[in-house]
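Trainee: Give me a model of this one.
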Amino acid sequence: MCKPNSFWASVVVVGLVVWTPLAVAEHDNWELYMEAVKDAIETGDYVRATEYLDTALVEAEELGPEDGRLGKTLEVLAAVYIRLDRDNDAESLYRRLITIQENTFGPDHNHVAVALDLYAAFLRADGRSEEAEPMEVRSRAIRAN
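Mentor: Down below sits the predicted model:
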C-alpha cells in the first residue's frame, strides 16, 4: 500500500489532539494510556504505542461508545496500524468505528461522517477510490444536513 508518511502522521496527531477535550477533569486510566501513546508516537515507537492503545481500548470499551473515548481510541489505533503496515487490522477498525458510531449516534450524525471520511482516506491511499467514493458522498450528505 502506498502511504504518504506525512498524511498518516497527520491523522495520528489530529486524532490525539481531537480527543483531548473529551477527557474528564480527573486523570483516569484511559487518559494516562493515551498520554503514553502520544509520547510513543512522538518518538516513532509505534509498536509501543499499540501496546498502550490496546490497554486504552479495554478501558474505553468499559466506558461505552456514548462516552466518545472508544471512537477516538479506534481512530488512533487504526492510524498507528497503518504506520506499521497492518492495513487489514486498520481497515477492520475503521469498519468497526463506522458501525459503532451509526449504532450509537444514528446514521446521520457527524461522528459517522468523520468515521466515513477516515475510512475513505484509507481506501484512497490504498488505491481503492471506487470504494471510497460512496463513503465520501454519504459523509458530505450528512454534513449538509
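Trainee: rounded to a whole number, what's the mean pLDDT of stretch 57-64?
Mentor: Confidence over stretch 57-64 (mean pLDDT, whole number) is 93.
Trainee: Residues touching that stretch, excluding its own?
Mentor: In this structure, residues lying in contact with stretch 57-64 by Cβ atoms under 8 Å, 6 or more residues apart in numbering are D28, N29, W30, Y33, D67, R69, L70, K72, T73, L74, L77. For the C-beta atoms, the positions are set from N, CA and C on the backbone; glycine is no exception.
Trainee: and of those, the nearest to S129?
Mentor: Nearest to S129, judged by Cβ to Cβ, of the contacts of stretch 57-64 is L74 at 23.4 Å.
Trainee: Now do the same for that closest one: its pLDDT.
Mentor: At L74 the predicted local confidence, pLDDT, stands at 97.
Trainee: Just the buried subset of the contacts of stretch 57-64, written out for PyMOL, thanks.
Mentor: In PyMOL syntax, the buried subset of the contacts of stretch 57-64 is picked out as below (16 or more other Cβ atoms under 10 Å):
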select buried, resi 30+33+67+69+70+72+73+74+77
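Trainee: Next SSE downstream of the lowest-mean-pLDDT helix or strand in the chain?
Mentor: Every helix and strand in the chain was compared by mean pLDDT, DSSP states H and E; the lowest is helix 5-19, with a mean of 55. Sequence order places helix 29-42 as the next helix or strand after helix 5-19, per DSSP states H and E.
Trainee: and that following helix, C-alpha only, in CSV?
Mentor: Written as CSV, here are the backbone C-alpha positions of helix 29-42 (Å, rounded to 0.1, in the frame of the first residue of the first chain):
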residue,chain,number,x,y,z
ASN,A,29,-6.5,5.3,33.3
TRP,A,30,-7.6,6.0,29.7
GLU,A,31,-6.1,9.4,29.8
LEU,A,32,-2.8,8.1,31.2
TYR,A,33,-2.6,5.4,28.5
MET,A,34,-3.4,8.0,25.7
GLU,A,35,-0.6,10.3,27.1
ALA,A,36,1.8,7.3,26.8
VAL,A,37,0.5,6.7,23.3
LYS,A,38,1.2,10.3,22.4
ASP,A,39,4.8,10.1,23.8
ALA,A,40,5.4,6.8,22.0
ILE,A,41,4.2,8.3,18.7
GLU,A,42,6.3,11.4,19.1
